[in-house]
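A.B. asks: what would the 3D arrangement of this be:
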Amino acid sequence: MRAAPVRRAVPSMSPAVTEQFWENVFTPYRARILYPVAVAGSLIFLPLAVFDYLHGRVAISALLLCLVAMLAVDAIALYRKKPLPIPFACLLLPGCAGVTLSLATQGIYGALWSFPVVLLSFFVLPRRLANTMSIALLAAGAALTYLAQDAGTATRYVLSLALCLVVINIMLNVLDSLHARLLAQTLTDPLTGAFNRRHMDANIDEAVERNRRAFAPASVVILDIDLFKQVNDRFGHDAGDEVLKSIVALIQQPRRKLDLLFRQGGEEFLLLLPDTRAPEAMVVAETLRQAIARAPMLGDEPVTVSIGVGELHPSETARDWLRRVDEALYRAKDGGRNRVVSAEARGPRAMGAGDLRHFPAS
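C.D. replies: Numbering: from 1, shown residues only. Modelled structure (predicted):
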């Protein structure tokens with residue numbers, strides 16, 4: 001008999017991963033992008049600054065020379081792989097000022113410079129701020145071109161720059177979506193949707209560090225499906241896969257957003273409970289054990305799990321912590337399976353239904 005299909009649970013990201021999703025998609029590649037931009041900008045704007053100075057446009061020339069100097073300083077820093085002396089976002093100030101001044105003095109020829117400035121802003125600023133700056137530049141450009149040019153020319157400039165903004169945002173939406181999917185694929189188990197072993201190691205280390213620095217408690221719940229090989233042998237591997245996904249879905253439903261579920265491998269899972277003491281973790285584990293035992297994953301055939309629970313001890317390494325909980329899991333297996341054993345206890349002990357309480361508040 002095959003298990004009923006379940007919707008695949010989508011795990012909540014840890015704070016660090018969530019922050020990555022909201023970063024500008026160009027952030028990891030910013031140095032590679034900005035170095036050629038800085039070099040090319042310096043080489044392009046320097047002769048233009050000289051040209052404007054020779055033609056009496058001293059203010060524009062001064063702004064361009066300021067921009068060249070800032071670009072050159074940053075290009076040297078990037079070449080030497082050192083921190084930027086001048087944030088690239090600051091380069092947009094003389095850039096926007098130069099475009100505005102060019103619009104006022106050179107008309108439509110000055111308006112052409114608004115396009116590279118708008119494009120550059122999306123590489124060096126958060127997306128929302130880049131859009132705000134670009135719309136402000138579009139509004140200023142529209143006002144100045146309508147004053148200095150005929151309506152047809154001004155309208156074409158406004159519409160073309162607005163279309164560029166739309167296209168840039170469409171492309172960024174696609175890139176953000178691909179970036180998020182790629183990041184999720186590197187962190188999650190493709191079958192169950194739980195986080196993978198690699199992401200587990202990073203988060204366990206982070207919990208140990210938080211405990212060392214801020215004495216923040218943390219507990220782990222390691223559960224293993226009882227006699228899972230027999231499930232595969234009797235019902236087939238497809239049914240076994242559905243059991244794995246069903247159990248992940250059951251674990252995902254009641255947990256807090258900061259709790260993270262990982263697939264350690266095979267039929268073994270680890271649930272990390274930050275800011276949770278051992279007694280509360282035991283309650284969570286027993287609630288999960290009973291929920292899994294009651295779930296009709298294989299029709300009338302019950303599926304059970306054995307669970308080890310342990311709280312991180314002060315000055316304990318991640319390896320020692322998980323070893324203690326693994327030993328508790330083995331004691332649960334040796335004690336008859338379908339039970340929860342605390343790593344803090346000397347012998348196997350299965351919690352009774354009378355010990356149940358609700359989950360920690362979400």
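A.B. asks: buried set for the host helix or strand of residue 326?
C.D. replies: Using DSSP states H and E, residue 326 sits within helix 318-334. Residues of helix 318-334 classed as buried: 318, 321, 322, 324, 325, 326, 328, 329, 331, 332, 333 (neighbour count, 16 or more other Cβ atoms under 10 Å). For every residue, glycine as well, the C-beta is placed using N, CA and C.
A.B. asks: may I have that helix exported as PDB, CA atoms only?
C.D. replies: Taking Å, rounded to 0.1, in the frame of the first residue of the first chain, the C-alpha atoms of helix 318-334 are listed here in PDB:
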ATOM      1  CA  ALA A 318      29.100  20.700  18.600                       C
ATOM      2  CA  ARG A 319      30.500  17.200  18.100                       C
ATOM      3  CA  ASP A 320      30.200  16.300  21.800                       C
ATOM      4  CA  TRP A 321      26.700  17.700  21.900                       C
ATOM      5  CA  LEU A 322      25.400  15.700  19.000                       C
ATOM      6  CA  ARG A 323      27.300  12.600  20.200                       C
ATOM      7  CA  ARG A 324      25.400  12.700  23.500                       C
ATOM      8  CA  VAL A 325      22.000  13.000  21.700                       C
ATOM      9  CA  ASP A 326      22.900  10.200  19.300                       C
ATOM     10  CA  GLU A 327      23.700   8.000  22.300                       C
ATOM     11  CA  ALA A 328      20.200   8.900  23.700                       C
ATOM     12  CA  LEU A 329      18.700   7.900  20.400                       C
ATOM     13  CA  TYR A 330      20.500   4.500  20.500                       C
ATOM     14  CA  ARG A 331      19.100   4.000  24.000                       C
ATOM     15  CA  ALA A 332      15.600   4.700  22.700                       C
ATOM     16  CA  LYS A 333      16.200   2.100  20.000                       C
ATOM     17  CA  ASP A 334      17.600  -0.500  22.400                       C
END
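A.B. asks: show me what it is packed up against.
C.D. replies: helix 197-214, strand 218-225, strand 305-311, strand 340-342 (3 or more Cβ pairs under 8 Å, 6 or more residues apart in numbering; DSSP states H and E).
A.B. asks: so for that helix, mean pLDDT?
C.D. replies: If you average the pLDDT over helix 318-334, you get 95.
A.B. asks: and what of stretch 248-267?
C.D. replies: So the average pLDDT for stretch 248-267 ends up being 87.
A.B. asks: show the end-to-end separation of it, please.
C.D. replies: 11 Å (Cα to Cα, to the nearest Å).
A.B. asks: now it: buried residues?
C.D. replies: Within stretch 248-267, judged by 16+ other Cβ under 10 Å, the buried ones are 248-252, 255-256, 259-264, 267.
A.B. asks: thinking again about what came up before, can you list the helices and strands packed on helix 318-334 in CSV and add mean neighbour count and mean pLDDT?
C.D. replies: Formatted as CSV, the helices and strands packed on helix 318-334 follow (neighbours: other Cβ atoms under 10 Å; pLDDT from 0 to 100):
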stretch, mean neighbour count, mean pLDDT
helix 197-214, 16, 93
strand 218-225, 25, 96
strand 305-311, 28, 96
strand 340-342, 28, 96
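A.B. asks: just put the ones you listed in CSV and tack on distance to residue 54.
C.D. replies: Below are the helices and strands packed on helix 318-334 laid out as CSV (distance: least, Cβ to Cβ, whole Å):
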stretch, distance to residue 54
helix 197-214, 58
strand 218-225, 68
strand 305-311, 75
strand 340-342, 82
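A.B. asks: for the stretch 151-300 of the chain, just list every one of the strands.
C.D. replies: 218-225, 260-265, 268-274 (DSSP state E, counting those that start in this stretch).
A.B. asks: show me where the stretch 1-150 of the chain has its helices.
C.D. replies: Taking DSSP state H, counting those that start in this stretch as the test, the helices found in the stretch 1-150 of the chain are 15-22, 30-54, 58-79, 88-106, 108-111, 114-124, 127-148.
A.B. asks: so what's residue 92 closest to, chain neighbours aside?
C.D. replies: residue 121 (5.8 Å; Cβ to Cβ, 6 or more residues apart in numbering).
A.B. asks: domains of the chain?
C.D. replies: If you go by automatic domain parsing, the domain ranges for the chain are 17-185, 189-355.
A.B. asks: highest average neighbour count across those?
C.D. replies: domain 189-355 (a mean of 18; mean count of other Cβ atoms under 10 Å).
A.B. asks: would you mind giving the strands of the stretch 151-300 of the chain as JSON lines with distance to residue 159 added?
C.D. replies: As requested, the strands of the stretch 151-300 of the chain are exported to JSON lines (distance: least, Cβ to Cβ, whole Å):
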{"stretch": "strand 218-225", "distance to residue 159": "56"}
{"stretch": "strand 260-265", "distance to residue 159": "48"}
{"stretch": "strand 268-274", "distance to residue 159": "52"}
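A.B. asks: many thanks, have a good one.
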